[in-house]
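A.B. asks: Just need the structure, nothing else, for what follows:
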Amino acid sequence: MKPVYRSDMKFAHDILEHISRIYRADGRANETAEETERRRSEDRFRTIARRNSMTAEETEERHSDDRLRAIARRNNESFEVKNQRQASDRLRTLNSRATESNEQRESRIHCNALGNQNRIGFDELLMLDVTDSS
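C.D. replies: Numbering: from 1, shown residues only. Presented below is the predicted three-dimensional model:
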């Protein structure tokens, strides 16, 4: 694990102080749990409404930005955090498979098989291209 330096702690403290000032300024510090949940719900609805009115290009740009942010975040993960995330992903997969119906299982297996066929087909096309050009 990487050592924590005094400057890192000061930086984190400054960020928390700044967030605290923002919350106090707009009244969030005095919110009840119900008010917080209502505000978050309204925020989610506003986000959904904004995304529903996006063009296909805007949506693709947002997805691309989201992927880049996720890659950057994962590149900065420590070994322990990466292992924890992967373990959580595996548990989530196991839990979802434990509760899936036979129809869902058959559909998942069928989709995986189709995906594998598509990859095999693409690899064969690449090999044909190499053999045809010689």
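A.B. asks: For T55, what are phi and psi?
C.D. replies: The phi/psi pair for T55 (degrees, to the nearest 10) reads phi -80, psi 170.
A.B. asks: And for it, the neighbour number?
C.D. replies: 8 (other CB atoms under 10 Å). Quick note: C-beta positions are derived from backbone N, CA and C, even for glycine.
A.B. asks: Please apply the same query to R92.
C.D. replies: By other CB under 10 Å, 10 other residues sit near R92.
A.B. asks: Only the C-alpha atoms, please, for the helix or strand harbouring it, written as CSV.
C.D. replies: Taking DSSP states H and E as the criterion, the element that holds R92 is helix 79-98. Provided in CSV are the C-alpha atoms of helix 79-98 (Å, rounded to 0.1, in the frame of the first residue of the first chain):
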residue,chain,number,x,y,z
PHE,A,79,-3.2,-4.0,-6.5
GLU,A,80,-5.5,-4.5,-3.4
VAL,A,81,-8.3,-2.4,-4.8
LYS,A,82,-8.1,-4.1,-8.2
ASN,A,83,-8.3,-7.6,-6.5
GLN,A,84,-11.2,-6.4,-4.3
ARG,A,85,-13.1,-5.0,-7.4
GLN,A,86,-12.6,-8.2,-9.3
ALA,A,87,-13.7,-10.4,-6.4
SER,A,88,-16.8,-8.2,-6.0
ASP,A,89,-17.5,-8.6,-9.8
ARG,A,90,-17.1,-12.4,-9.5
LEU,A,91,-19.5,-12.6,-6.5
ARG,A,92,-22.1,-10.4,-8.3
THR,A,93,-21.9,-12.8,-11.3
LEU,A,94,-22.3,-15.9,-9.1
ASN,A,95,-25.2,-14.3,-7.3
SER,A,96,-27.0,-13.4,-10.5
ARG,A,97,-26.4,-16.8,-11.9
ALA,A,98,-27.7,-18.5,-8.7
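A.B. asks: what helices or strands is that helix leaning on?
C.D. replies: Judged by 3 or more CB pairs under 8 Å, 6 or more residues apart in numbering; DSSP states H and E, helix 79-98 has no packing partners among the helices and strands.
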